[in-house]
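In: Coordinates only, no sequence provided:
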């Protein structure tokens, strides 16, 4: 043997070559060192205290030398080289073992099932952080959770197919026998007595001499098929379907009986809710069949997270969250509560809707427990649940402050998690897609927002999960408005208390005006840089037609007081429509504290900004799929506050809000959304005040 750890060993002649001598593994316990070991010690490491566990021969490292004399021997390897080889082997093995586990499991030193995301990461609430190192060996790469689910579903379908294939034949035979039995019964009932006696006698004496006293008339086939009878039919367990059988053709097989109407009846039976008490007659969510709940979740996801292209704006956050709900009981319960309540409201079934309500308190308790836990409070399951409950409030509006409370809670939770926890996966989508809601919550609270900090404008996008578009560049500017609102409120309060001197008043007033002026210029520049050169073209104006019972917006000429019907805006895509509505809203809110003596936004300009929102609503509401119209809830409330009471503009807004509530089952819109107000006495501002 040339080379290797035994290269120093002198060669062995053919006469001295040992027969079937196995060399111990290099990482076995240290062998006895000496130039001439005893024959009994050849190929065997020295034992400690005679323990048989000391001897260890490892797979490919054990070598056998055939055709050798059993008394021959060779020198043991040097101790230093043995140690070095064993150390290298251990390092190599450890590296191979670790490369198969995800980084989080290796850091936590827990067992990893090598599925992406793995069970351990899902159990801790961080499935999006389950990351594996790239390995060249294809067999060592983790299987994705989606692929694992597809494999399991395929296996389930195969097993069900086998079961159905084995049952269909017997069921079909049973029903055929039942049909023949009913024919035989009719024959016995109407045939002459002598023919009946002959028929019964033949039935009893056939089939191996059955005892006629023990075999009743009936569970046998009809006379015309009697000769081909092979086995007695099953007991009368098939008789309850007799009435159903007689309503169908005699040639139908078993599977054809379960038509679409039967599926509907089965669905109604599963979802039927009694008129009795909740404890006895009412069906709870937990008693529903899992496929039914999955259907409810799918309908909810299709409504609140429809599949749209990039030009319509990203809307996949809740859909991605639904894909990981099986890993978190908290997310699963939240999806079920929201989905069942939404379905019940959609079909106007108060009892189904109440089933979702019954699960709602349990979800709230689970969320409260997670929020007080230092680790679970930063888990993505907690963030997803808060946002799902926000969706629940948009549907049900359980209290006047429900939406504002959940928005406020979500914003605080996002700040607690930090920007680095919103770079990947569902967490990133929840932050970026719903960022207009978080900015809107800060505007309604009229308090400086952490979202204006530079790290919150950069870190969540640092990993390249998504890129900023026209909307997010606008939101970067809007994040500074809450600070100016708070500065204005503080200045007014100080003036009212007369606690400031003339110099302090001048300094604070100048600082506020400078901030408003600088931000207004930035909004103008954003419009020039993004809207006027938009790749798909700027907004267009078309005539209002009132199609599909949509209310027609009418406005006033502020110079003459006359009322007329303006054109409405159309857009190349939904993303630009949403962005422009938010642009008008942000300009309106900022102008509410603009008291500059020069270059201020005039009341006429404010009215035009409100009309810009109203003229966009028809395009967005009639074009947006599902409940994406919730993205315009905040601009709609801002426009409501921009119009005077009793005018044609408010009348249009009232009709619009009722239309949306009726068509989309959104209780939030039917209330005129006072909790989304940005005025100084708004519910969110009052709740945020000390």
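Out: Yes, it's here. What you see is a predicted model, and the numbers here were worked out from it, not measured in a lab. Numbering: from 1, shown residues only.

In: how about the helices in the stretch 401-550 of the chain?
Out: Ranges of helices within the stretch 401-550 of the chain are 402-417, 425-433, 435-445, 454-458, 470-478, 481-497, 502-526, based on DSSP state H, counting those that start in this stretch.

In: Identify whichever of the ones you listed lies nearest to residue 165.
Out: The closest of these to residue 165 is helix 425-433. By CB to CB, the value is 40.1 Å. In short, each C-beta sits where N, CA and C put it, glycine included.

In: Pretty sure residue 553 sits against residue 565.
Out: Yes - using CB atoms under 8 Å, residue 553 is in contact with residue 565, at 7.4 Å.

In: ok, these two, which is more surrounded?
Out: With neighbours defined as other CB atoms under 10 Å, residue 553 and residue 565 compare such that residue 553 has more, 24 against 13.

In: The more buried one and residue 610: what is the separation?
Out: Going from residue 553 to residue 610 by CB to CB, to the nearest Å gives 11 Å.

In: before we move on, what about residue 342?
Out: Distance from residue 342 to residue 610, counting by CB to CB: 31 Å.

In: cool, residue 345 as well?
Out: 30 Å.

In: More neighbours: those two, which one.
Out: residue 610 (23 against 19).

In: Mind listing residues that contact the helix or strand hosting residue 292?
Out: Assigned by DSSP states H and E, residue 292 belongs to helix 290-304. For helix 290-304, contacts defined as CB atoms under 8 Å, 6 or more residues apart in numbering pick out 267, 270-271, 285, 318-319, 322, 325, 335-336, 338-340, 342-343, 346, 391, 626-627, 630, 664.

In: Quick one: residues contacting the nearest residue to residue 345 once chain neighbours are set aside.
Out: Of all residues not flanking residue 345 in the chain, residue 665 sits nearest, at 4.4 Å (CB to CB, 6 or more residues apart in numbering). The contact partners of residue 665, by CB under 8 Å, 6+ apart, come to 342, 345-346, 395.

In: Next: residue 627.
Out: 303-304, 394, 664, 666.

In: can you put these in JSON lines and add neighbour count, pLDDT and distance to residue 673?
Out: Shown next, in JSON lines, are the contacts of residue 627 (neighbours: other CB atoms under 10 Å; pLDDT from 0 to 100; distance: CB to CB, whole Å):
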{"residue": "303", "neighbour count": "23", "pLDDT": "89", "distance to residue 673": "19"}
{"residue": "304", "neighbour count": "24", "pLDDT": "90", "distance to residue 673": "17"}
{"residue": "394", "neighbour count": "23", "pLDDT": "84", "distance to residue 673": "10"}
{"residue": "664", "neighbour count": "20", "pLDDT": "86", "distance to residue 673": "14"}
{"residue": "666", "neighbour count": "25", "pLDDT": "84", "distance to residue 673": "10"}
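
In: with the residues you listed in mind, which one is nearest to residue 463?
Out: residue 304 (25.6 Å).

In: Break this protein down into its structural domains.
Out: 95-141, 147-236, 288-496, 506-688 (automatic domain parsing).
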